[in-house]
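Q: Okay, sequence plus prediction incoming.
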Amino acid sequence: MSHVFVSIRDLHFSRADNKIFNGVSMDIHAGRITAIMGPSGTGKTTLLKLIGGQIKPDSGEVIVDGQNVHKLKRAELYRLRKRMGMLFQSGALLTDINVFDNIAYPIREHTDLSEDLIKNLVLIKLHAVGLRGAAYLMPAELSGGMARRVALARAMALDPEMIMYDEPFTGQDPISLGVLVKLIRATSDALNLTSILVSHDVGETMSIADDVKIISQGKVIADGSRDEINQSDSAWVRQFIDGQADGPVPFHYPADTLDNELLGANS
């Protein structure tokens, strides 16, 4: 097993009275695809924001390659972020500039490379996702799958050591979905990336993940290799992996009984 690149210890985080994380701990190993899965609303995207230092926990630690993210000064945090790529769920392309300039933007912002070299780098990144021919299209001219692939090329623009994927498969047609799954696996292998894949799409995610963490109700309820998770007999795991309607994760959001609410409203 490779060394631990991200270490999360006893993480607590709340929004108002809603406890998102209640003592979450996990290790994410370098050079592997780690899937963080769980029902909607369990804080998967929030966890990515905590790893990237966009928000701070109530308590606990997030250590990225030996650095405590939330104790870094701003300049130190920005340097660390240059080593991270992010594929947002929406793609988040800049709509007023073309595909080429979307990918060139972070290179221009964070390096002093010449425009000739930037052009070569951008075309290489676009070629890797199969879209070199779309370099001068505007984002509005792209299909949903193409936009997600451009976003992946941009996430790779600065040759990061780690890429975080926030629900990359949402809203994709079957062909685009297959392309994205293949690209994420191939990119991770070719560049020896540490990849964190947040998703609730079980089939696609389990087909490429090396390690899987399942979170629910503020806790890590399962943590292991893909094979270990697939073979788990935990009721929590089976409900999520098999898409069971009934199980430990309740259908109803916590509330008073219906009788009490109705009687109270009529009294």
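A: Alright, I've got the coordinates. Numbering: from 1, shown residues only.

Q: Now tell me what touches whichever helix or strand V122 is part of from outside.
A: Using DSSP states H and E, the element containing V122 is helix 115-128. Residues from elsewhere that reach helix 115-128 (CB atoms under 8 Å, 6 or more residues apart in numbering): 99-100, 103-104, 107-108, 111, 113, 132, 134-135, 150, 153-154, 156-157, 187. (Glycine included, C-beta is placed from N, CA and C.)

Q: Buried ones from those residues, can you make that a PyMOL selection?
A: Per 16 or more other CB atoms under 10 Å, the buried members of the contacts of helix 115-128 correspond to this PyMOL selection:
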select buried, resi 99+100+103+104+107+132+134+135+150+153+154+156+157+187
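
Q: quick one: contacts of the longest helix seen in the chain?
A: Counting residues, the longest helix found in the chain (DSSP state H) is helix 174-191. Outside helix 174-191, the residues that touch it by CB under 8 Å, 6+ apart are 31-33, 128-130, 143-146, 148-149, 152, 156, 159, 163, 165, 168-169, 172, 193, 195, 197, 204, 207-208.

Q: repeat for stretch 45-57
A: Against stretch 45-57 from outside (CB under 8 Å, 6+ apart): 6, 8, 11-13, 20-21, 24, 36, 62, 64, 69-70, 72, 77, 80-81, 84, 86, 89, 164, 166-167, 196, 198, 215.

Q: how long is it from one end to the other?
A: End-to-end distance for stretch 45-57, by CA to CA, to the nearest Å: 14 Å.

Q: And the helices in the stretch 1-150 of the chain?
A: 44-51, 74-81, 99-110, 115-128, 144-155 (DSSP state H, counting those that start in this stretch).

Q: and the gap between the nearest residue to F88 once chain neighbours are set aside and K71?
A: Sequence neighbours aside, D166 is the residue nearest to F88 in space, at 5.6 Å (criterion: CB to CB, 6 or more residues apart in numbering). Per CB to CB, to the nearest Å, D166 is found 24 Å from K71.

Q: Can you turn the buried part of the contacts of helix 174-191 into a ChimeraX selection?
A: Burial among the contacts of helix 174-191 is assessed by 16+ other CB under 10 Å; the matching ChimeraX selection reads:
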select :31,32,33,128,129,145,146,148,149,152,156,163,165,168,169,172,193,195,197,204,208
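
Q: about what we covered before: let me know the angle separating the longest helix of the chain from helix 115-128.
A: Interaxial angle, helix 174-191 versus helix 115-128 (axes from the mean of the first three to the mean of the last three CA atoms, to 10 degrees): 120 degrees.

Q: Distance from helix 174-191 to the middle of the chain?
A: Centroid displacement of helix 174-191 relative to its chain, using CA atoms, centre = their mean, to the nearest Å, is 14 Å.

Q: what do you get for stretch 204-216?
A: 11 Å.

Q: Below-threshold pLDDT in the protein: ranges please.
A: Residue ranges of the chain with pLDDT under 70: 1, 90-91, 244-254, 264-267.

Q: Could I get the full set of strands for the protein?
A: 4-15, 18-29, 33-37, 59-64, 67-68, 84-87, 162-166, 194-199, 211-216, 219-225 (DSSP state E).

Q: Any idea which of these gets closest to L258?
A: For the strands of the chain, proximity to L258 was assessed by CB to CB; strand 18-29 is nearest, at 22.2 Å.

Q: That concludes my questions; thank you for your assistance.
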